[in-house]
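K.L.:
compute the structure for the input listed below.
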Amino acid sequence: MEANFYYNLALEEFAKLSHRSLSTFKRDFQKYYHQSPGKWLLQKRLDYSAVLLKNPALNVSQVAFDCEFEDLSHFSRAFKEKFGVPPANYRKEI
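P.N.:
The predicted structure is shown next:
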């Protein structure tokens, strides 16, 4: 998952790639990372989006889609929840 977090893969596909059932994958993931795979993926994608926002050539929509957010409003809401400011304001503060 570390190498593929920015791809829009279902958890079932991650489980298959690790040769585990979905329930075993989730249980093992929880033990190792101390959070659910879905929450971990969201955090990794948000961290990656913060890096991409430093590139002025990319607009906020492009960053959201590059980080596999299918909905711009979900991206903005999740980004603001994690970083305290909307993505556009985060870019201005850099």
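
K.L.:
name the helix or strand for Lys26, please.
P.N.:
Assigned by DSSP states H and E, Lys26 falls within helix 22-33.

K.L.:
touching that helix from outside, list them.
P.N.:
Residues outside helix 22-33 that contact it (C-beta atoms under 8 Å, 6 or more residues apart in numbering) are 1, 11-12, 14-15, 18, 20, 36-37, 40. Backbone N, C-alpha and C define where each C-beta goes, glycine included.

K.L.:
which of these fall within helices?
P.N.:
Mapping those onto helices (DSSP state H) picks out 11-12, 14-15, 37, 40.

K.L.:
assess the claim that Ser76 and Pro86 are in contact.
P.N.:
Yes - between Ser76 and Pro86 there is a contact at 5.6 Å, judged by C-beta atoms under 8 Å.

K.L.:
need the overlap of contacts for these two.
P.N.:
Common neighbours of Ser76 and Pro86 (C-beta under 8 Å, 6+ apart) do not exist.
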